[in-house]
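S.K.: Could you work out the structure for the sequence below:
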Amino acid sequence: MIRRLRPFTRAVTYTRWLHLFMALVWPALWLFIEEAWWTQALAAVVLGLAGLVPGMRTVEGLQARLLLTGQRQDGAGTGIVTAPSATWGDRGRTVVWLEARLFLGCAVSLLSVQLLLTGVDLVATGLGAGAVGGGRLPVGDPHWGKALLAPLPLVALAALVLGSGHLVTGLALRLLGPSPAARLAALEERTEQLLERSRIARELHDSIGHALTVAVVQAGAARTAGDPAFTERALSAIEETGRAALEDLERVLGVLRESEKPVSGRPTLADADRLLESARAAGAAVDAELTGALDTVPGPVSREGYRIVQESLTNVLRHAGPVPVRVGVRVAGGTLVLDVRNPLAEEVPGPGRGSGLRGIRERAALLGGRARTGPDGGDWRVHVELPLR
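M.R.: I've put the predicted structure just below:
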């Protein structure tokens, strides 16, 4: 019971009712011209023509947002826009909104007044004074028992206030909300944002994960070697890898800071030598074979190819340690072929939950290619084919 009465403790319930009463202002002005039906019809026509003015959508949107949802102009998530009409579809919905609000407002206002007057008449009739409220609903002859019926019109009025408020708010969300084209554009923008976040997550996983893996392997090897010269080389490799990781991190953070920042600064297969040297510095014996015109590979394919090779080498260092690795990068027949092999070894403890291999497959799928990962003839193999068109 208390939950059903809770809406009547909210201010928005009564501001919605007020919003409907305000619809009577426009027809009331025409009563000063002549009390005839044609003046009211002319008022509805003029109101419809006003809805074709782009700024009318802003006025109605601000009023509806404030009175129907309780949000001010800067409120977000109300579903009611306050921008001017940009298309004829927006103008048409504004016209329908104005006419619907006029009709609904007049009906609710008149019925509300009649229910209030009927309640007064029932009380007066029950006290034997007769109907004095001026209501048009019949209450009959005076009788004391009719005073007990006085709460019924008030209950009906409460239901009218609540129901009409929900109805007019629903109409506003539908007619003053974003157009289907605007909703589709917002959905596409949201999808692009999610895809960008996913890409940034992969970038951070690949670049930072590779650098940390190289640093961990080098530090562990230097500690067990006990050779000052080897330790010096390991520290140099860690420093170089760390600098490269910082550059990648700054590049990714730049994308977050500037949504329009170009991606041309991201590493491509043209920078593969730096990547291979980093793996060699970590102790892996990398045998690389790069064939074909790598400079003709399109930018998106080249950038994703670089990350795939980087993640493959990271997995080798993380799970197999400093073992011989064969890296093949070949451009032939309109296809970029990436092939990374290393001997299978016992599982080397290390971080990771399989997200690297999943990222490789996702990158290949987004470019319309295919990726195969797993054991192959005593080796662990990552084989990726990416179309160049």
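S.K.: where in the chain is pLDDT low?
M.R.: Within the chain, the stretches with pLDDT under 70 are 1-2, 26-40, 71-78, 126-147, 181-197, 199-200, 202-207, 210, 251-265, 345-355.
S.K.: What are the boundaries of the helices in it?
M.R.: For the chain, the helices defined by DSSP state H cover 2-5, 11-21, 25-30, 37-50, 54-68, 88-126, 151-175, 180-225, 228-257, 272-281, 299-319, 355-366.
S.K.: can you redo those helices as JSON lines with distance to Leu344 and mean neighbour count?
M.R.: Placement of C-beta: from N, CA and C, glycine included. Listed next are those as JSON lines, based on distance: least, C-beta to C-beta, whole Å; neighbours: other C-beta atoms under 10 Å:
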{"stretch": "helix 2-5", "distance to Leu344": "65", "mean neighbour count": "7"}
{"stretch": "helix 11-21", "distance to Leu344": "67", "mean neighbour count": "17"}
{"stretch": "helix 25-30", "distance to Leu344": "82", "mean neighbour count": "14"}
{"stretch": "helix 37-50", "distance to Leu344": "77", "mean neighbour count": "14"}
{"stretch": "helix 54-68", "distance to Leu344": "64", "mean neighbour count": "19"}
{"stretch": "helix 88-126", "distance to Leu344": "62", "mean neighbour count": "19"}
{"stretch": "helix 151-175", "distance to Leu344": "60", "mean neighbour count": "17"}
{"stretch": "helix 180-225", "distance to Leu344": "18", "mean neighbour count": "16"}
{"stretch": "helix 228-257", "distance to Leu344": "25", "mean neighbour count": "15"}
{"stretch": "helix 272-281", "distance to Leu344": "18", "mean neighbour count": "19"}
{"stretch": "helix 299-319", "distance to Leu344": "10", "mean neighbour count": "23"}
{"stretch": "helix 355-366", "distance to Leu344": "15", "mean neighbour count": "18"}
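S.K.: TSV for those helices, including distance to Leu386?
M.R.: What follows is these, written out as TSV (distance: least, C-beta to C-beta, whole Å):
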stretch	distance to Leu386
helix 2-5	59
helix 11-21	56
helix 25-30	64
helix 37-50	58
helix 54-68	48
helix 88-126	42
helix 151-175	46
helix 180-225	15
helix 228-257	21
helix 272-281	15
helix 299-319	5
helix 355-366	6
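S.K.: closest one to Asn342 among those?
M.R.: Counting by C-beta to C-beta, Asn342 lies closest to helix 299-319 out of the helices of the chain; the figure is 4.7 Å.
S.K.: Centre of the chain to the closest one, how far?
M.R.: Relative to the centre of its chain, helix 299-319 is centred 30 Å away, using C-alpha atoms, centre = their mean, to the nearest Å.
S.K.: Mind giving me the packing neighbours of that helix?
M.R.: Using 3 or more C-beta pairs under 8 Å, 6 or more residues apart in numbering; DSSP states H and E as the contact criterion, the secondary-structure elements in contact with helix 299-319 are helix 180-225, helix 272-281, strand 324-332, strand 335-343, helix 355-366, strand 379-387.
S.K.: out of those, nearest to Ala245?
M.R.: The closest of the helices and strands packed on helix 299-319 to Ala245 is helix 180-225. By C-beta to C-beta, the value is 3.3 Å.
S.K.: how long is stretch 274-294 end to end?
M.R.: The distance separating the two terminal residues of stretch 274-294, taken as C-alpha to C-alpha, to the nearest Å, comes to 15 Å.
S.K.: what residues does it touch?
M.R.: 210, 213-214, 217-218, 221, 233, 236-237, 240-241, 244, 267, 269-270, 272, 302, 306, 309-310, 313, 316-317, 321-332, 342 (C-beta atoms under 8 Å, 6 or more residues apart in numbering).
S.K.: Can you tell me, leaving aside adjacent residues, what's nearest to Pro7?
M.R.: Once flanking residues are discounted, Pro7 sits nearest to Thr13: 5.3 Å by C-beta to C-beta, 6 or more residues apart in numbering.
S.K.: you'd agree that neighbour is up against Gly163?
M.R.: No. Thr13 sits out of contact with Gly163 when judged by C-beta atoms under 8 Å, with a separation of 10.8 Å.
S.K.: my guess is Pro267 meets Asp248, correct?
M.R.: Yes. Taking contact to mean C-beta under 8 Å, the distance of 7.5 Å between Pro267 and Asp248 places them in contact.
S.K.: To what extent is Leu294 buried, counted in neighbours?
M.R.: Other residues near Leu294 come to 17 when the count uses other C-beta atoms under 10 Å.
S.K.: Verify the contact between Leu317 and Ala215 for me.
M.R.: No. With contact defined as C-beta under 8 Å, Leu317 and Ala215 do not form a contacting pair (10.3 Å).
S.K.: The helices and strands packed on helix 299-319: which one's closest to Val59?
M.R.: Distances from Val59 to each of the helices and strands packed on helix 299-319 were compared using C-beta to C-beta; the shortest belongs to helix 180-225, at 18.9 Å.
S.K.: and the gap between Glu250 and Glu304?
M.R.: Look at Glu250 and Glu304: by C-beta to C-beta, to the nearest Å, they are 20 Å apart.
S.K.: if we can go back for a sec, relative to Leu388, which of the helices of the chain is closest?
M.R.: Judged by C-beta to C-beta, the one of the helices of the chain that comes nearest to Leu388 is helix 299-319, at 6.1 Å.
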